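A.B. asks: Could you look at this predicted model? Sequence included:
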Amino acid sequence: MQELWVVAGLVFDAGGRVLIAQRPTGKALAGRWEFPGGKVAADETAHAAIVRELREEIGIAAGDAERLMYYAAVYPGRTIWLDVWVINDWSGQPRGLDAQSLEWVEPSRLREHDILEADAPIVAALSRR
């Protein structure tokens, strides 16, 4: 079974809304929503990966961050290990550098979006915050 280690960043604005990204056309599950992030390289720590992914995907500079959760999402033939980080300090103007749409959403309204099933534990955790 294939295993992947993936990081996701929870980026909040001054009003407490969280940033989500829509998977672009041409990618698996295009049109669905997720939290920005991506794969951890073999020589990276999770923190280094989330800093890099947020810079590459949405053009922000992430600083201080803390791990919120780490869990497995199991699919036929593969397991994705999701390493989720709350980004406490960031700068820049988020923009979709991978042709994806971005949206700031109140955590209580995340369920109104077509968010990937793998992100359901994150949505549940944010609803309890």
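C.D. replies: Looks like it came in fine.
A.B. asks: How many residues are close by residue 81?
C.D. replies: 15 (other C-beta atoms under 10 Å). To be clear about C-beta, it is placed using only N, CA and C from the backbone, and glycine gets the same treatment.
A.B. asks: Okay, and it sits in which element?
C.D. replies: Using DSSP states H and E, residue 81 maps to strand 78-87.
A.B. asks: list the helices and strands the helix or strand following that strand packs on?
C.D. replies: The helix or strand immediately downstream of strand 78-87 is strand 90-91, counting by DSSP H and E. Contacts defined by 3 or more C-beta pairs under 8 Å, 6 or more residues apart in numbering; DSSP states H and E place strand 90-91 against strand 61-62.
A.B. asks: any residues touching the strand it packs on, and which ones?
C.D. replies: With contact meaning C-beta atoms under 8 Å, 6 or more residues apart in numbering, strand 61-62 is reached by 9, 11, 50-51, 54-55, 87, 89-92.
A.B. asks: mind putting these in CSV, pLDDT included?
C.D. replies: CSV is the format used below for the contacts of strand 61-62 (pLDDT from 0 to 100):
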residue, pLDDT
9, 98
11, 98
50, 98
51, 98
54, 98
55, 98
87, 98
89, 96
90, 98
91, 98
92, 97
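A.B. asks: Out of those residues, flag the one nearest to residue 121.
C.D. replies: Nearest to residue 121 out of these is residue 9 (C-beta to C-beta; 15.2 Å).
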